[in-house]
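[1] Have a look; sequence and predicted model below, questions after that.
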Amino acid sequence: MLGRLPGTPRVVVGGNFATPWRTLAVLDAAIGEYQLFALNAQPGFPDRDGVVLESSFTGPGMRGHSRLRYFPCRLSLVPSLLREVLPPDVVLVHTSTPIHGTVSLGVEVNILPAAIEAARARGGLVIAQLNKHMPYTYGDAVLADDHIDLAIEADAPLASPAPRHVAGTSQPIGERVAAFVSDGATLQLGIGAVPDAVLAALTGRRGLAVWSEMFSDGVLALDQAGALDPDRQITASFAFGSAELHDWIDRNPRVQLLRTEKTNDPSLIARQRMLVSVNGALQVDLFAQANASWVHGAIYSGFGGQPDFVVGALHSPGGHAIIALPSWHAKANVSTIVPRLDGTVTSFQHSFVVSEHGTAAIWGHDSVGQAEQIINNVAHPAIRDHLHAAGRELGLRLR
């Protein structure tokens, strides 16, 4: 089978903060060799001979591992990848306790329904970790008991990402991005300090909706501030936040968690009115191309849902696709604006690129105008002369 290492079973497991750690430990102790596929794996994944790690979006639990197989893929197409190329033999899910013959995938739906279907189609196993701390969420999160072959009970509070404080360059970036969000707009935001800053700057808006790959505590804060439209469902594929967020989404009919094929389908994204997509990047070049995947020739994360939402937002009536990033990488002490990317492009042709210094309008401007706005409005002042010279060497007729 294409994509399969000979003689080794493939296990798909929930990632982010929905990994069923107890169940994964039991499986790891029972099987000597296997392939383990997860998205955005957190620290604690098996790291030993015999375990080959696989992902299309690497998290800290897999990043930099020598036994990692990275499969480049838009998030919207990962379910197809699991059906056609990487079919699982075992799927491990972390669910709520049973209610009326069903359990819920809780905080993480994502690619798991597709993985379950692919495993069942080939006679594989679906193993659930039943946990009373997992919230019961609706939509595609609901799973019939008879889809589960084996279950292990656990009593373990869910882990949460470390709190992030809006400070430094994130706050002015967030305020600049928020200026593009009107009352009644639909939001998609990723993970990080800048998206958090954008949400914090939107508490005064009204009638907002959420159609996103994921959402965090910032969406809860918008709801508490009265910024969300109470008649529009909050739609995402997974939740990434605190215990307070988990309590809020538990049995909340306003929240629907759908499978990735729906939330990240550009045609469905485009149907959302005034969808503003806000994503970060590691680098942006003078051709308005963004790299959010690679660092120094090594995979850092992956395409994720960024290209899905950039395309969808550009086709949404009144929508915008925004890349927001600080102009300077403090830890590496380098500019995030470069003449030309030397690695894989994650997305391109955005509406705007925003930094703490200003905004570059991309859509509707010629290549020279795009580059000049990126240099003059987004790049750090210390690097602008270099970028002008480098741009001319690349054939851009910069003034």
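    Received, thanks. On a predicted model such as this, the values are computed, not experimentally measured, just so you know. Numbering: from 1, shown residues only.

[2] what domains does the record give for this protein?
    10-154, 170-393 (automatic domain parsing).

[3] so where's the stretch 101-250 of the chain uncertain?
    165-167 (pLDDT under 70).

[4] The domains of the chain into JSON lines, with extra columns for mean neighbour count and distance to Ser160?
    Just so you know, the C-beta spots here come from the backbone N, C-alpha and C atoms, and that holds for glycine as well. Below are the domains of the chain laid out as JSON lines (neighbours: other C-beta atoms under 10 Å; distance: least, C-beta to C-beta, whole Å):
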{"stretch": "domain 10-154", "mean neighbour count": "20", "distance to Ser160": "6"}
{"stretch": "domain 170-393", "mean neighbour count": "20", "distance to Ser160": "5"}
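
[5] Reformat those domains as TSV; add distance to Arg164.
    Putting the domains of the chain into TSV (distance: least, C-beta to C-beta, whole Å) gives the following:
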stretch	distance to Arg164
domain 10-154	14
domain 170-393	5
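
[6] In this protein, what residue spans correspond to helices?
    Secondary structure of the chain (DSSP state H): helices located at 21-30, 78-84, 112-121, 170-178, 193-200, 217-224, 243-249, 260-263, 266-269, 306-315, 367-373, 384-393.

[7] Show me the beta-bridge partners of the closest residue to Tyr138 other than its chain neighbours.
    When the adjacent residues along the chain are set aside, Tyr138 lies closest to Gln256, with 5.4 Å between them (C-beta to C-beta, 6 or more residues apart in numbering). With beta bridges defined as DSSP bridges, Gln256 has these partners: Tyr138, Thr235.

[8] From Ile116, how far off is Gln256?
    With the distance defined as C-beta to C-beta, to the nearest Å, Gln256 ends up 18 Å from Ile116.

[9] Could you do Thr260 as well?
    In terms of C-beta to C-beta, Thr260 sits 13 Å off from Ile116.

[10] which residues are common contacts for these two?
    Counting by C-beta atoms under 8 Å, 6 or more residues apart in numbering, Thr260 and Ile116 have no common neighbour.

[11] now Gln129, nearest residue through space, not along the chain?
    The shortest distance from Gln129 to any non-neighbouring residue, by C-beta to C-beta, 6+ apart, is to Pro20 (3.4 Å).

[12] again with Ala243
    Nearest residue to Ala243 in three dimensions, chain neighbours excluded: Ser160, at 6.4 Å (C-beta to C-beta, 6+ apart).

[13] ok, now which ones touch the one you found?
    Taking C-beta under 8 Å, 6+ apart as the test, what Ser160 contacts is 17, 241-243.

[14] what do you get for Ala324?
    Applying C-beta under 8 Å, 6+ apart, we find Ala324 in contact with 173-174, 176-177, 194-195, 198, 278-280, 353-355.

[15] next one: Pro195
    Pro195 is in contact with 189, 216, 218, 278, 280, 324, counting by C-beta under 8 Å, 6+ apart.

[16] If we only consider these, which is nearest to Gln289?
    Each of those was checked against Gln289 using C-beta to C-beta; the closest is Gly280, at 14.4 Å.

[17] Any figure for the gap between the closest one and Pro135?
    Going from Gly280 to Pro135 by C-beta to C-beta gives 27 Å.

[18] what's the answer for Ser237, then?
    Going from Ser237 to Pro135 by C-beta to C-beta gives 15 Å.

[19] among the contacts of Pro195, which are in strands?
    189, 278, 324 (DSSP state E).

[20] surely the first one meets Ala197?
    No: with contacts counted by C-beta atoms under 8 Å, Leu189 stays clear of Ala197, the gap being 10.0 Å.

[21] Please enumerate the strands of the stretch 1-150 of the chain.
    In the stretch 1-150 of the chain, the segments counted as strands under DSSP state E, counting those that start in this stretch are 10-13, 34-37, 51-55, 68-70, 90-95, 102-104, 125-131, 138-139, 142-144, 150-154.

[22] Which strand residues bridge His94?
    Gln129.

[23] Next one: it from Leu24, what distance?
    Applying C-beta to C-beta to His94 and Leu24 gives a distance of 9 Å.

[24] ditto for Gly184
    Per C-beta to C-beta, Gly184 is found 43 Å from Leu24.

[25] do Asn377 as well
    In terms of C-beta to C-beta, Asn377 sits 47 Å off from Leu24.

[26] now do Glu54
    Distance from Glu54 to Leu24, by C-beta to C-beta: 14 Å.

[27] And for Ala185?
    For Ala185, the distance to Leu24 (C-beta to C-beta) stands at 39 Å.

[28] Ok, Asp265 next?
    Asp265 is 30 Å from Leu24, where distance means C-beta to C-beta.

[29] Test my guess that Asp229 contacts Arg205.
    No: counting by C-beta under 8 Å, Asp229 stays clear of Arg205, with 10.2 Å between them.

[30] Contact partners for Ala128?
    Residues near Ala128 by C-beta under 8 Å, 6+ apart: 20, 23, 92-95, 103, 143, 148, 150-152.

[31] correct me, but Glu153 touches Val103?
    No: using C-beta under 8 Å, Glu153 makes no contact with Val103, being 11.8 Å away.

[32] so what sits against both of the two?
    In contact with both Glu153 and Val103: Leu130, using C-beta under 8 Å, 6+ apart.

[33] For Gly343, report the pLDDT, please.
    On the pLDDT scale, Gly343 is placed at 84.
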